[in-house]
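Undergrad: Structure here, sequence nowhere to be found:
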């Protein structure tokens, strides 16, 4: 990847198998205009086509995303459904996705981190749905994704009652995985994404598929059956045997280094 074409509002870079997508329209507070949404969809595709095995979503400060373009909402020439292209492409990515939220996410701007598998926040983050203040109903699966993270009560408090969560509160409530200092936010996201990128790509993809499919299940038995099929697939791969042998070699080396023999004990 060679960065960002001049007219794009999302910058794309690559670091060790990780595609970094940065909302890059700070002059307009990274507002989720039609172009921003389309450029985010382009950025996801560009990173994946370039071989990214994990994605990190960031934004140029100080605002992560100020929500949908008010002018765009008034201009009804663009169907609402077309405004969610970027979020939908991010949510559909087969690789792990991590949002690094270092500033306010407002209205539809909250949809972007909600579309990711993992959300990291800094103390400067703010999660403020604010749809109803603009006289519009939430869209893009916002209520479902929000309730999945913070429960029905939390979604009601945020959307119906206008509550707002800071980065620390978001981590406490389960909206974010953790809150980290601003100067460590992106590096923490890259570390997590890099760890995912180091693992077997087919195995990570299958595990993510199972994780997502499990949301629709209603019993542990169904979940066990779903996971059994995936587990049987995994142990049938040649990579599984090599992974086990590699672990055995490392364990043996550690035992040898400590002066302990790794030769199995003889039967009495």
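TA: Yep, that arrived. Please read all numbers here as calculations on a predicted model, not as lab measurements.
Undergrad: what about the longest helix along the chain, distance to the chain center?
TA: As assigned by DSSP state H, the longest helix anywhere in the chain is helix 238-257. Relative to the chain's own centre, helix 238-257 is displaced by 31 Å; criterion: C-alpha atoms, centre = their mean, to the nearest Å.
Undergrad: Look at the residue nearest to residue 108 when sequence neighbours are not counted and say how many residues are nearby.
TA: Distances taken as C-beta to C-beta, 6 or more residues apart in numbering put residue 68 closest to residue 108, at 4.2 Å, once the chain neighbours are dropped. To be clear about C-beta, it is placed using only N, CA and C from the backbone, and glycine gets the same treatment. Using other C-beta atoms under 10 Å, residue 68 has 27 neighbouring residues.
Undergrad: My guess is residue 68 contacts residue 32. True?
TA: Yes - between residue 68 and residue 32 there is a contact at 5.1 Å, judged by C-beta atoms under 8 Å.
Undergrad: Find the residues that touch each one of the two.
TA: Common contacts of residue 68 and residue 32 (C-beta atoms under 8 Å, 6 or more residues apart in numbering): 83, 108, 109.
Undergrad: Local confidence estimate at the second one?
TA: So the one you mean is residue 108. Residue 108 is assigned a predicted lDDT (pLDDT) of 94.
Undergrad: how close does residue 152 sit to residue 142?
TA: 14 Å (C-beta to C-beta, to the nearest Å).
Undergrad: out of the two, which sits in the more crowded spot?
TA: Legend: neighbour count by other C-beta under 10 Å for residue 152 and residue 142, higher for residue 142 (23 against 11).
Undergrad: Worst mean pLDDT across the helices and strands of this structure, which element?
TA: Every helix and strand of the chain was ranked by mean pLDDT, DSSP states H and E. The lowest is helix 70-74, at a mean of 69.
Undergrad: after it comes which helix or strand?
TA: Under the assignment DSSP states H and E, the closest C-terminal helix or strand after helix 70-74 is helix 85-92.
Undergrad: next structured bit after that following helix?
TA: Next along from helix 85-92, by DSSP H and E: strand 97-101.
Undergrad: Can you give the contact residues for stretch 163-178?
TA: Contacts of stretch 163-178 (C-beta under 8 Å, 6+ apart): 101, 113, 118-128, 146, 149-150, 154, 157-158, 179, 188.
Undergrad: PyMOL command for the buried members of the residues you listed?
TA: Per 16 or more other C-beta atoms under 10 Å, the buried members of these correspond to this PyMOL selection:
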select buried, resi 101+113+118+119+120+121+122+124+125+126+127+128+146+149+150+154+157+158+179+188
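Undergrad: mind listing what residue 215 touches?
TA: residue 148.
Undergrad: Residue 209 versus that one, what's the distance?
TA: 11 Å.
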